[in-house]
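Trainee: Build me a structure from this.
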Amino acid sequence: MIYLLSVVIDIGFAIWAGTGKPWYFYIFYFVLLFGASSIINTSYIQGLTRAYSCIFLYGAKGIKEAFFLNIITIIFFIVAYAISYFVFGNNIQIILFFIACFVLSTIVAFIDNQFRIAIERTKKIDEKAKQNRENRAT
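Mentor: Have a look, this model is predicted:
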């Protein structure tokens, strides 16, 4: 049920953006906002959980690694902002759209236990990297 809320948010913001325009703008704006929210939601969850796992496992040393892992997230946010800027006329609508996506993504990350999964994935990656270093040394 919570996953359908993303589509409802996209429809609501598409209607808001298309108010006073011909009917086909609603569909066009929905498609664009669906793509933008997909970019935002996916990259936000990945960036947040990866950063959390790095900081959780490595402490203060993990902040640097978390920052470098999130550079691609920032790039995706810029793409989503460009799409949103095309749809919306002002930054208030864009900010509200991003906030709605962030809140929904955070709820989904907790419901799906993505933080624990990210920690386990990071541990496995570290184990493989350690094995590769040991194999190269021998």
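Trainee: Which element is encountered next along the chain beyond the lengthiest helix in the chain?
Mentor: What stands out as the longest helix in the chain, according to DSSP state H, is helix 23-58. The element immediately downstream of helix 23-58 (helix or strand, assigned by DSSP states H and E) is helix 61-69.
Trainee: List the neighbours of whichever helix or strand Q131 is part of that are in contact with it.
Mentor: Following DSSP H and E, one finds Q131 within helix 114-137. Defining contact as C-beta atoms under 8 Å, 6 or more residues apart in numbering, one finds that helix 114-137 is touched by 45, 49-50, 52-54, 56-57, 108-109. Just so you know, the C-beta spots here come from the backbone N, C-alpha and C atoms, and that holds for glycine as well.
Trainee: what do you get for stretch 46-63?
Mentor: The contact list for stretch 46-63 (C-beta under 8 Å, 6+ apart) reads 65-67, 69-70, 72-73, 105-106, 109, 114-115, 117-119, 121-123, 126.
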